[in-house]
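Asks: Here is a sequence together with a model predicted from it:
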Amino acid sequence: MSEYLKNLECPLLVIHSPQDEVVDVENAMRIFQQAGYPKSFVSVDGADHLLTEKGKDWQFVADVIESWSRRYLESGVDENADGRDEMEKGQVLVRGGAEGYATEISAGGHALRADEPVALGGSDSGPNPYSFLLAALGACKVITMRMYADRKGWPLRGSQVEVAHSRIHAKDCEDCESSQGRVDRIEVVVDLEGDLSQEQSRRLLEISERCPVHRTLKNEVSIRTTTV
């Protein structure tokens with residue numbers, strides 16, 4: 001074990017509880033001391049070996065692992081399979097594994113994860129693709145309204161956008177061009193905070209529907225798929 005740890009050549013995180021009755025703290029410290037840098041040691045006081053005794057110990061450990069590992073995962077996530085060091089502006093890189101539905105996403109230097117819920121065979125380790133689509137629309141609206149309010153000097157203290165997706169019969173859609181089959185419907189509810197007049201609120205709502213993502217979803221979109 002000592003020789004293995006010296007040649008590990010990757011970041012190491014040791015998490016241990018002083019009350020662990022299965023593995024004593026000396027064992028954890030020996031692993032930590034023999035490993036090379038970068039390395040970290042986190043003590044979870046009061047937890048048992050399997051994190052079963054206290055209800056939130058597992059959540060704390062999961063949060064620590066996520067936060068700690070992100071800096072190392074992000075450092076290489078933008079390296080494309082074709083050898084490019086940096087992705088071109090506007091590109092998003094998505095990688096899937098050998099099994100399961102979890103995907104690693106790199107967007108502008110930010111690491112994200114998508115997955116499917118357990119009911120659909122996934123592990124629910126991240127939002128599903130449609131949630132990302134709705135999040136993009138909601139975020140675009142919030143940012144666009146913020147930009148407009150700042151430019152006008154309006155007292156917009158904050159905004160909240162709820163977005164939901166469903167599929168309805170085309171015949172039930174009054175403003176749809178299609179009259180047969182089903183169409184996608186996205187419901188958006190906007191909540192504005194601040195001492196805004198009715199005209200200012202109306203204008204901000206109007207501006208939100210001009211955000212780039214909204215217009216992309218409303219316009220005809222051409223998607224071309226190729227292989228490497």
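Replies: Happy to help now that I have it. Residues are numbered from 1 along each chain as shown.
Asks: separation between the residue lying closest to residue 154 once chain neighbours are set aside and residue 159?
Replies: Among residues not flanking residue 154 along the chain, residue 200 sits closest, at 5.4 Å (C-beta to C-beta, 6 or more residues apart in numbering). For the C-beta atoms, the positions are set from N, CA and C on the backbone; glycine is no exception. In this view, residue 200 and residue 159 are 12 Å apart by C-beta to C-beta, to the nearest Å.
Asks: next one: residue 65
Replies: Applying C-beta to C-beta to residue 65 and residue 159 gives a distance of 33 Å.
Asks: Next up, the contacts around the spatially most central residue of the chain.
Replies: Note on the chain: the residue nearest the mean C-alpha position is residue 112, at 4.3 Å, using C-alpha atoms, centre = their mean. Taking C-beta atoms under 8 Å, 6 or more residues apart in numbering, we find residue 112 in contact with 104, 105, 106, 126, 132.
Asks: repeat that with 10 Å
Replies: For residue 112, the contact set (C-beta atoms under 10 Å, 6 or more residues apart in numbering) comprises 77, 92, 94, 103, 104, 105, 106, 126, 127, 132.
Asks: Report the two of these separated the most.
Replies: Using C-beta to C-beta, the pair of the contacts of residue 112 lying farthest apart is 77 and 127, separated by 17.7 Å.
Asks: Wait, a strand at residue 94?
Replies: Yes. The assignment for residue 94 by DSSP: H, G, I helix; E, B strand; the rest coil puts it in a strand.
Asks: quick one: contacts for it?
Replies: The contact partners of residue 94, taken as C-beta under 10 Å, 6+ apart, are 103, 104, 105, 106, 107, 112, 114, 129.
Asks: ok, 6 Å please
Replies: Residues in contact with residue 94 (C-beta atoms under 6 Å, 6 or more residues apart in numbering) are 103, 105.
Asks: Secondary structure element holding residue 135?
Replies: Residue 135 is part of helix 129-152 when elements are defined by DSSP states H and E.
Asks: so for that helix, what's the average pLDDT?
Replies: What helix 129-152 shows for mean pLDDT is 95.
Asks: Pull out the CA atoms of it and give them to me as CSV.
Replies: Below are the C-alpha coordinates for helix 129-152, written out as CSV (Å, rounded to 0.1, in the frame of the first residue of the first chain):
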residue,chain,number,x,y,z
PRO,A,129,-31.7,17.1,-20.8
TYR,A,130,-35.1,18.7,-20.9
SER,A,131,-34.4,20.3,-17.5
PHE,A,132,-31.3,21.9,-19.0
LEU,A,133,-33.3,23.2,-21.9
LEU,A,134,-35.8,24.8,-19.6
ALA,A,135,-33.1,26.1,-17.3
ALA,A,136,-31.4,27.7,-20.4
LEU,A,137,-34.7,29.5,-21.3
GLY,A,138,-35.4,30.6,-17.7
ALA,A,139,-31.8,31.9,-17.2
CYS,A,140,-31.8,33.7,-20.5
LYS,A,141,-35.0,35.5,-19.5
VAL,A,142,-33.8,36.5,-16.1
ILE,A,143,-30.5,37.8,-17.5
THR,A,144,-32.1,39.7,-20.3
MET,A,145,-34.6,41.4,-17.9
ARG,A,146,-31.7,42.3,-15.6
MET,A,147,-29.7,43.9,-18.4
TYR,A,148,-32.7,45.9,-19.6
ALA,A,149,-33.6,47.1,-16.1
ASP,A,150,-30.0,48.1,-15.4
ARG,A,151,-29.8,50.0,-18.7
LYS,A,152,-33.1,51.9,-17.9
